[in-house]
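1. sequence and predicted structure are below.
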Amino acid sequence: MQENKRGGTMKQIKLEITIEARHYDELTEEDRRLIDSACDATQRSYAPYSHFSVGAAALLENGMVITGTNQENAAYPSGLCAERTTLFYANSQYPDQAVRTLAIAARTENDFLDTPIPPCGACRQVLLETEKRYGKPMRILLYSKTDIYILENVGGLLPLSFDGDYLK
Ligand code: THU
């Protein structure tokens, strides 16, 4: 507890997240395959405006892998990120299958990125809902040519988050 200027007490809340960084060859074969699927998916991105191609691959509880990409539009806000395209498709087709791991990769016209691409804020909110919906941790793999970031659940990507519990 600290005293503030008005003589009241101030409590500080610190939130910590842990991200593991590994090289591709240090991953399990299952994780490597999912990363490969996300990288491969970037080829199917529709990004004529940003030229930034994002691919995602979701490993479902039943072992299926669903991929998706960013889909842009001349009316920019009408487009959608790869993460949401992938999760919404997976959840539409297999609503009873938890998503256990989601791998994300991005490339410019030249190459994949040197640093892992973090999902945008709106995608983090959707990732969180997907994890919560199935009540099981959803691992996140963020690919880059150097390090691959591994998060054991979505909570780390969106601390102090809003979810359906507040609506009860
Ligand atoms: N994009 C994604 O697909 N995922 C992200 O996490 C960040 C951004 C897409 C949206 C847009 O098509 C392009 O990348 C540039 O922002």
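-> Here it is on my side, so go on. Numbering: from 1, shown residues only.

2. now do the buried residues in stretch 45-63.
-> Residues 45, 47, 52-60 are the ones in stretch 45-63 that count as buried (16 or more other C-beta atoms under 10 Å). Heads up, the C-betas are built off the backbone N, CA and C, glycines and all.

3. ok, and which of those reach the ligand?
-> 47, 52, 54 (C-beta under 6 Å from any ligand atom).

4. now the residues you listed in a markdown table, with pLDDT and secondary structure?
-> Shown next, in a markdown table, are these (pLDDT from 0 to 100; DSSP: H, G, I helix; E, B strand; the rest coil):
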| residue | pLDDT | secondary structure |
| --- | --- | --- |
| Ala47 | 98 | coil |
| Phe52 | 98 | coil |
| Val54 | 98 | strand |
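
5. so which of these comes closest to the ligand?
-> Val54 (3.4 Å; C-beta to the nearest ligand atom).

6. which residue, other than its chain neighbours, is closest to the closest one?
-> Ala82 (3.8 Å; C-beta to C-beta, 6 or more residues apart in numbering).

7. mind checking the SS state of Lys14?
-> coil (DSSP: H, G, I helix; E, B strand; the rest coil).

8. what does this structure have sitting close to the ligand?
-> Counting by C-beta under 6 Å from any ligand atom, the residues of the chain near the ligand are 47, 50, 52, 54, 70, 72, 79, 81-83, 117, 119-120, 123.

9. can you classify the most centrally placed residue in the chain as helix, strand or coil?
-> Centroid-nearest residue in the chain, with C-alpha atoms, centre = their mean: Pro119, separated by 5.1 Å. Following three-state DSSP, the label given to Pro119 is coil.

10. not counting its neighbours along the chain, what's nearest it?
-> Nearest non-adjacent residue to Pro119 (C-beta to C-beta, 6+ apart): Glu83, at 5.2 Å.

11. go ahead and confirm that neighbour touches Gln125.
-> No. The pair Glu83 / Gln125 is not scored as a contact, 10.5 Å apart, by C-beta atoms under 8 Å.

12. quick one, which of these two is more surrounded?
-> Counted by other C-beta atoms under 10 Å, Glu83 and Gln125 do not tie: Glu83 has more neighbours, with 26 against 18.

13. tell me which element that one is part of?
-> helix 82-93 (DSSP states H and E).

14. same question, Glu30
-> Going by DSSP H and E, Glu30 is in helix 29-41.

15. quick one, that helix and helix 82-93 angle?
-> 110 degrees (axes from the mean of the first three to the mean of the last three C-alpha atoms, to 10 degrees).

16. ranges for the strands of this structure?
-> 2-3, 9-10, 20-22, 53-60, 65-69, 99-107, 139-142, 148-151 (DSSP state E).
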